[in-house]
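Novice: fold the following, please.
(one chain, ligands or ions: 1)
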Amino acid sequence: MVDTLIVGGGPAGLAAAQYLADAGRSSTVLEKRPILGGKLSSWRDRDGDILETGLHAFFGGYTNLHALLREVGIAHHVLWQPHALTWAIPPNFSARWNGVPVYEEFRFADAPSPFNGIGAVLNARYVFNHWEKLLFAAGTLPILRGEHAYAEAQDDITYAQWHRRRGMSEHMLRTFFAPMALALNFTPVDAISAEAMLRVMAYFASSRNASRAGFLDGPPGPRFVEPLAEHVRKRGATIETNAAVGELLFSGDRCTGARTRDGRVFEAEHVVIATPVHDAKKLLPEAMQRDPLIEGVAKLQSSPVINAHLWFDRPISRFTNLMFSPGTLLGVHADLGMASPGYEWSGKSFIEACVAPADDLIAQDDDTVINAVMDDLGKLYPLATRQHLVKAKLVRVPKSVYRASPGAERLRPGSRTPVRNLFLAGCYVDTKFPASIEGATRSARMAVEAVLAESRARA
Ligand SMILES: Cc1cc2nc3c(=O)[nH]c(=O)nc-3n(C[C@H](O)[C@H](O)[C@H](O)COP(=O)(O)OP(=O)(O)OC[C@H]3O[C@@H](n4cnc5c(N)ncnc54)[C@H](O)[C@@H]3O)c2cc1C
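Specialist: Prediction:
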């Protein structure tokens, strides 16, 4: 019998296998899809072109994730971009800018945080005027002071409500914070919890490089997921793909393992469910989901998003960084052709964009979505025309990360369930970190610590 069965082969499941190996424990990972990686997966289409579930930036403050990458020996795959967050704003978005697109780079000096972030805002030329810079500093003071309890007390209101209560301008809300909310959770500022946004600001202000973004030097499958899977296999873990768990098995007060939909039974001393929350909801017995410990599993909802891939026959932008664009469907996007050689489109633009909010768009046909995306891209980069577009592909994710609506932060469950040897991992678990690869990795560490604590308690 294996020590721990892990349901789900995304970042949380694979990281859990790694942490279990560190503790000398055996594990089996069961993944329902033919490929590993979950929302961080990549594959090739019929033409051999790379597709992925989502554009992924790796931030400097992802401390658990970077430690994991170093342990596996793949930290060199992260290509750090200049320490700047860049806004590309379409013409006519604001009467302030005379009908031309505006590009604003918030450059972080090599100085201790939060001073490097304050400097980036103070030096902004277009997005904020002087008065707004003052309002920004005053408005975000409790966050810059690192008052976590303050952020936690703001979960009942939306970010937009909090922003207005703090006296900051509507222009700042729509220009600066709206694309940030879409990038964070694929959710508009009028619908996202203030706490979720304030936590990110606190995180950006937490260390010198926390807000510095990097991309992998190629698609996440070969650069991250497969090397991590190979590493844990070498350390004794078993990984099964095409192994969709249909039900958990229980005996008395313990979970004894799981049965896959094709009838295979896997027994274990402990079970970690490392699926997205909507899949955990299907696996956990209904009665158990009424327990206050995990009632959030039934209540949390998920955000839809579409990952758009657009290949151009030439460079269409000069930016290699993560881009934020208010007033467009491309809240966050990047030119991976120019930024990352492993995307096999060097010297030309390969744009990946998280299309959000996608609640209505997700059901539209490909042509409708691609036309809407191209319209917005053309407003940002005049060379992004149909004439220069080689190919466009969409990957729809109807249920991506948990939706950080007001009240949702409080619903995020911990690692423990009412069954002593059954645990939860995944980026929706309450790690005090947003739904992200770092959140998934942290949740895996928490779940493994809980497994080890349960073993000790039983010994
Ligand atoms: C478009 C997009 C862009 C993103 N951009 C970023 C970014 O820039 N930076 C960042 O940090 N994060 C980003 N994220 C979020 C990040 O991808 C996720 O937070 C992270 O991948 C979650 O990992 P996880 O292991 O918790 O869940 P998942 O990645 O969802 O993995 C769960 C796995 O469980 C499997 N599974 C489900 N049910 C079963 C079952 N019954 N049996 C067996 N297996 C099952 C699934 O197939 C999946 O492989 C993005 C997400 C999306 C969708």
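Novice: where does the stretch 301-450 of the chain dip in pLDDT?
Specialist: Judged by pLDDT under 70, the stretch 301-450 of the chain has no weakly predicted residues.
Novice: what does it put close to the ligand?
Specialist: 305, 307, 354, 397, 400-401, 426-427, 435-440 (Cβ under 6 Å from any ligand atom). The C-beta positions use only the backbone N, C-alpha and C, and glycine is treated the same way.
Novice: which ones among those residues lie within strands?
Specialist: Among those, the ones falling in strands (DSSP state E) are 305, 307, 354, 397.
Novice: of those, buried ones?
Specialist: Using 16 or more other Cβ atoms under 10 Å as the burial test, those include 305, 307, 354, 397 as buried.
Novice: related to what we said a few turns ago, export the residues of the stretch 301-450 of the chain next to the ligand to CSV and tack on distance to residue 451?
Specialist: As requested, those are exported to CSV (distance: Cβ to Cβ, whole Å):
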residue, distance to residue 451
305, 32
307, 33
354, 33
397, 29
400, 27
401, 24
426, 15
427, 19
435, 22
436, 23
437, 21
438, 20
439, 19
440, 17
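Novice: rewinding a little: which of the ones in strands among the residues of the stretch 301-450 of the chain next to the ligand sits closest to residue 30?
Specialist: Nearest to residue 30 among those, counting by Cβ to Cβ, is residue 397 at 21.1 Å.
Novice: count of neighbours near residue 441?
Specialist: 29 (other Cβ atoms under 10 Å).
Novice: scratch that, residue 125 is what I was asking about
Specialist: 9.
Novice: was I right to think it contacts residue 104?
Specialist: Yes. Under the criterion of Cβ atoms under 8 Å, residue 125 makes contact with residue 104 at 6.6 Å.
Novice: contact residues of the stretch 1-150 of the chain facing the ligand?
Specialist: Listed as neighbours of the ligand in the stretch 1-150 of the chain under the rule Cβ under 6 Å from any ligand atom: 7-13, 30-33, 38-40, 53-57.
Novice: dihedrals phi and psi, the closest residue to the ligand within the stretch 51-200 of the chain?
Specialist: Sorted by distance to the ligand under Cβ to the nearest ligand atom, the residues of the stretch 51-200 of the chain start with residue 54, at 2.3 Å. Backbone torsions for residue 54, taken as degrees, to the nearest 10, come to phi -160, psi 150.
Novice: now do the same contact list for it.
Specialist: 39-40, 305, 307, 354, 395, 397, 400 (Cβ atoms under 8 Å, 6 or more residues apart in numbering).
Novice: now swap in residue 105 and tell me
Specialist: 84-87, 321.
Novice: secondary structure element holding it?
Specialist: strand 102-107 (DSSP states H and E).
Novice: so where do the helices sit in the stretch 51-200 of the chain?
Specialist: Using DSSP state H, counting those that start in this stretch, the helices of the stretch 51-200 of the chain run over 63-72, 115-122, 130-139, 141-144, 148-152, 159-165, 170-172, 178-185, 194-204.
Novice: among those, which comes closest to residue 381?
Specialist: Closest to residue 381 of the helices of the stretch 51-200 of the chain is helix 178-185 (Cβ to Cβ; 15.8 Å).
Novice: elements contacting that closest one?
Specialist: Identification of packing neighbours for helix 178-185 by 3 or more Cβ pairs under 8 Å, 6 or more residues apart in numbering; DSSP states H and E yields helix 194-204, strand 323-324, strand 332-335.
Novice: JSON lines please, covering the ones you listed and showing mean neighbour count.
Specialist: Shown next, in JSON lines, are the helices and strands packed on helix 178-185 (neighbours: other Cβ atoms under 10 Å):
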{"stretch": "helix 194-204", "mean neighbour count": "23"}
{"stretch": "strand 323-324", "mean neighbour count": "24"}
{"stretch": "strand 332-335", "mean neighbour count": "26"}
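Novice: let me have the ones you listed in JSON lines, extended by distance to residue 186.
Specialist: Shown next, in JSON lines, are the helices and strands packed on helix 178-185 (distance: least, Cβ to Cβ, whole Å):
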{"stretch": "helix 194-204", "distance to residue 186": "12"}
{"stretch": "strand 323-324", "distance to residue 186": "13"}
{"stretch": "strand 332-335", "distance to residue 186": "9"}
